[in-house]
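Peer 1: Provided below are the primary sequence and the corresponding predicted coordinates.
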Protein chains: 2
Amino acid sequence: MTAGGTSSNAIRIALDAMGGDHAPHEIVAGALLAAKEYPIEILLVGQEEVVRKHLAAFTPDIPRNIEIVDAREVVEMDDPPMTPLRKKRNSSVRICANLVGEGRADAFVSAGQTPATWTSARLVLGMLEGVERPALAQIMPRQNGVTLLLDVGANVQAKVEYLREFAVMGHAFSQTVLGIESPRVGILSIGEEEGKGNELTKETFRVLKETGLNFIGNAEGRDIFNGHADVVVCDGFTGNVVLKASEALGEMVWASMREELSRNAIRMTAGAIVQPFLKNLKKRMDWREYGGAPLLGVKGGCIVCHGRSNSKAIKNAIRVAREFAVNRIDEKIQQKIAELHNREGLPSA
Amino acid sequence: MTAGGTSSNAIRIALDAMGGDHAPHEIVAGALLAAKEYPIEILLVGQEEVVRKHLAAFTPDIPRNIEIVDAREVVEMDDPPMTPLRKKRNSSVRICANLVGEGRADAFVSAGQTPATWTSARLVLGMLEGVERPALAQIMPRQNGVTLLLDVGANVQAKVEYLREFAVMGHAFSQTVLGIESPRVGILSIGEEEGKGNELTKETFRVLKETGLNFIGNAEGRDIFNGHADVVVCDGFTGNVVLKASEALGEMVWASMREELSRNAIRMTAGAIVQPFLKNLKKRMDWREYGGAPLLGVKGGCIVCHGRSNSKAIKNAIRVAREFAVNRIDEKIQQKIAELHNREGLPSA
């Protein structure tokens, strides 16, 4: 670790400078934005000379709240998820996880290969007591507010016990970070009534009724966006498909709108008039604003960013990581899981 | 059946007048629109006095190409799917299926309870030779063209054999009705590479490579909307969730846009200017334009409409039913399934 002027009480976020389609350029740019905007310290993890060069391209002086941490290796998109644990133990994402595991950082952020990131988090940080599987939680925009969708990809196959944990963890995150007093929790299924869905969702329905959560029953696909639910729980396969379809649909609508409003001079003028009024909406629809998906259930904190993240997305992910650490979400989740197990007379670990 | 002036060669569509949130008013209105626009005969199936009263509210004379077929019972939303087969054998949806089964109609259209509709189609019309399960196929809009997504809900749990059939049936529909010469077929999964996904998709990937289709491998959620695939195959649970989420997201974007463009007089003026230029896009995004989802794999034809269908959606569904019948899609699917089985040295039935 190179010398840096850091105070001991500030929240520290480790940032994987080498992960993502636009790394390290956009990651470094995001770090600079966040370092300026938030009261935090950033450990910028990557090949030191490369990171230093990219920093120098933006500013002659490295901000006092950014430190470079050298990591010689980089996990590539086609590396197996276990690579940071086995072959590339000096990779930037592994070093990020190490920093959190050793207490030198409070949480880490990566836009690198997603399975490698959550595998590192799960195995280096370890799971919270009583939690079997981590869940990737995505904040989805709706007309007035947001809905938390989880899991969006950390678990390809789910079990009832996993989904129950996801419900408790999502509830805790929604309450603490999203500020919803009594989040309405639904299980993603087809059809509203109990009895509709597949074997997994039907059994989960039965189990979630007993959790003491504000359980609203089955949520259909539309309930992710129509405001009927605050937390929607599903297996990682379904969640990932819905997330990616939604992102692409949103982008398709904007691209089509641009196309319609550039066909001739009159339309271009109309487009120019209306554009500033739609800025709010565009911003709310933009995944870059939500700054990545927290991996719930691991010790410390891990924020998984979109591979396509730009500096704005990285800055926002650092903000989410900071909120995660300030609010000690991991401890809150552990407490809620313990309450769940006590309620059921099961051992809490 | 009441008297009506129908010629024997025209395509005949049976229409469930009593099914849907806005039945019978909007269904009757849709029948009138379609009867005027297309060279078809419509058998309007429902409680004769009710249907007659609604027709009379629109026009003093029943068009010559609409006949009323009496059906005393109505399937309600909370009736079990087997109701038309067991308790309500005189329900409008069951009579619709009977008319197709007896060769008195070429296809039927219903906006009533979806599971009751496809159960009637499957058991009254019967499955095509060699096809194990029917699939509900939805046409999804994309920037330039459409993507066929199937199954969107007829099979909550799927097997590899089902998904293989869906691929062949979707390919045939895409080629014949959507006019795509060599449709690119993908299996909906998470991650692009062959080894990514769950057990079902991984095994299906292996099997689809051997079908002789233009198989492009795994399709991610985004590939439904970005133009990378023409036919996307999935289990009915995932497909239904994605379909409903996409509908709601599309509606949310338009509602939010309306909201942003009605906050003050200036914005309202800008909205009024831009509105006509976005008509095309809005139309392309509107599920009502696509006229319901064909149930592929049954004999004859069955088009399943959205419960919220208005007259326009019903009119368009009748158009799809007509295309289905004119092009003898059922025969084409049967032929393709036979080719698939021959290719594999399996019996074709």
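Peer 2: Noted; the coordinates are in hand.

Peer 1: buried set for stretch A:187-200?
Peer 2: A:187, A:188, A:189, A:190, A:191, A:196, A:197, A:198, A:200 (16 or more other CB atoms under 10 Å in any protein chain shown). The way it works is simple: take the backbone N, C-alpha and C, and place the C-beta from them, glycine included.

Peer 1: pLDDT and secondary structure added to those residues, as TSV?
Peer 2: Output for the buried residues of stretch A:187-200, formatted as TSV (pLDDT from 0 to 100; DSSP: H, G, I helix; E, B strand; the rest coil):
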residue	pLDDT	secondary structure
A:187	97	strand
A:188	98	strand
A:189	96	coil
A:190	93	coil
A:191	85	coil
A:196	88	coil
A:197	92	coil
A:198	92	coil
A:200	94	helix
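
Peer 1: Cross-check the residues you listed against chain B and keep the overlap.
Peer 2: A:188, A:189, A:190, A:197, A:198 (CB under 8 Å from any CB of the partner chain).

Peer 1: Tell me who's in contact with the closest residue in space to the second one that isn't next to it in sequence.
Peer 2: For residue A:189, ignoring the flanking residues on the chain, the nearest one in space by CB to CB, 6 or more residues apart in numbering or on different chains is residue A:197 at 3.5 Å. The contact partners of residue A:197, by CB atoms under 8 Å, 6 or more residues apart in numbering or on different chains, come to A:187, A:189, A:190, A:191, A:205, A:218, B:156, B:237.

Peer 1: would TSV of those residues with distance to residue A:172 be doable?
Peer 2: Output for these, formatted as TSV (distance: CB to CB, whole Å):
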residue	distance to residue A:172
A:187	17
A:189	22
A:190	27
A:191	28
A:205	21
A:218	22
B:156	31
B:237	27
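
Peer 1: Please identify which of those is nearest to residue B:321.
Peer 2: Of all the contacts of residue A:197, residue B:321 sits closest to residue A:190, with 24.3 Å by CB to CB.

Peer 1: How about the contacts made by that closest one?
Peer 2: Residue A:190 makes contact with A:196, A:197, A:218, A:220, A:221, B:153, B:156, B:236, B:237, B:240, B:241, B:244, according to CB under 8 Å, 6+ apart.

Peer 1: same question, residue A:212
Peer 2: With contact set as CB under 8 Å, 6+ apart, residue A:212 has these partners: A:340, A:343.

Peer 1: Sketch out the low-pLDDT regions of chain A for me.
Peer 2: By pLDDT under 70, the weakly predicted segments of chain A are A:1-8, A:345-349.

Peer 1: does the residue nearest to residue A:58 when sequence neighbours are not counted count as helix, strand or coil?
Peer 2: Using CB to CB, 6+ apart and skipping the chain neighbours, the partner closest in space to residue A:58 is residue A:32 (5.7 Å). Three-state call for residue A:32 (DSSP: H, G, I helix; E, B strand; the rest coil): helix.

Peer 1: Residue A:32 - how many residues pack around it?
Peer 2: Using other CB atoms under 10 Å in any protein chain shown, residue A:32 is surrounded by 22 other residues.

Peer 1: Could you report the separation of it from chain B?
Peer 2: Per CB to the nearest CB, to the nearest Å, residue A:32 is found 30 Å from chain B.

Peer 1: ditto for residue A:301
Peer 2: 24 Å.
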